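A.B. asks: fold the following and give me the result.
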Amino acid sequence: MNNIQVIYEYDEIVSRLGEAIKSSNYKMQYFLDLLQIKRGFFYKKLKEKRFTSEEVIKLSKSLFPEEYHEYEVQLINKLILKSKEELKNNTNKNFESFLKEQKDKYGV
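C.D. replies: Here you go, the predicted model:
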């Protein structure tokens, strides 16, 4: 998929968030609590389509639970296949070396 196409699709999704929220089974307070923002700020974000990608992800989990579950299943299956391929090709790393790399990378 083309990057420009992804951007326009994302913009369309953000544009439809207001309708999805109104037609959901949740009360507005649920979304305010979910995003931990005040009512006025929430409506401003809706009007101006200024949700961060993290906020859109949080909202989508509640607004589109079936699609989110399907996404999770696909992601897990993809990771399992990648792990199996690494095991088959003997390109996997042992946990200790992976942990050391991550500690070095993040300075922990």
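A.B. asks: for the rest of this, base every contact and every neighbour count on C-alpha atoms.
C.D. replies: Noted.
A.B. asks: and L17, what is it in contact with?
C.D. replies: L46 (Cα atoms under 8 Å, 6 or more residues apart in numbering).
A.B. asks: distance of it relative to K103?
C.D. replies: 39 Å (Cα to Cα, to the nearest Å).
A.B. asks: for Y68, same thing?
C.D. replies: Between Y68 and K103 the distance, using Cα to Cα, works out to 31 Å.
A.B. asks: in this protein, which helix or strand is least confident?
C.D. replies: Of all helical and strand segments in the chain, the minimum by mean pLDDT, DSSP states H and E falls on helix 95-106, at a mean of 82.
A.B. asks: show me what that one is packed against.
C.D. replies: Of the remaining helices and strands, none touches helix 95-106 by 3 or more Cα pairs under 8 Å, 6 or more residues apart in numbering; DSSP states H and E.
A.B. asks: run through this structure and note the low-pLDDT ranges.
C.D. replies: Within the chain, the ranges that satisfy pLDDT under 70 run 108.
A.B. asks: the residue nearest the centre of the chain in helix, strand or coil?
C.D. replies: For the chain, the residue nearest the mean C-alpha position is I57 (3.9 Å; Cα atoms, centre = their mean). Recorded secondary structure, I57: helix (DSSP: H, G, I helix; E, B strand; the rest coil).
A.B. asks: next, count neighbours for S62.
C.D. replies: Neighbour count of S62, defined by other Cα atoms under 10 Å: 17.
A.B. asks: distance-wise, check it relative to M28.
C.D. replies: Computed with Cα to Cα, the distance linking S62 and M28 is 12 Å.
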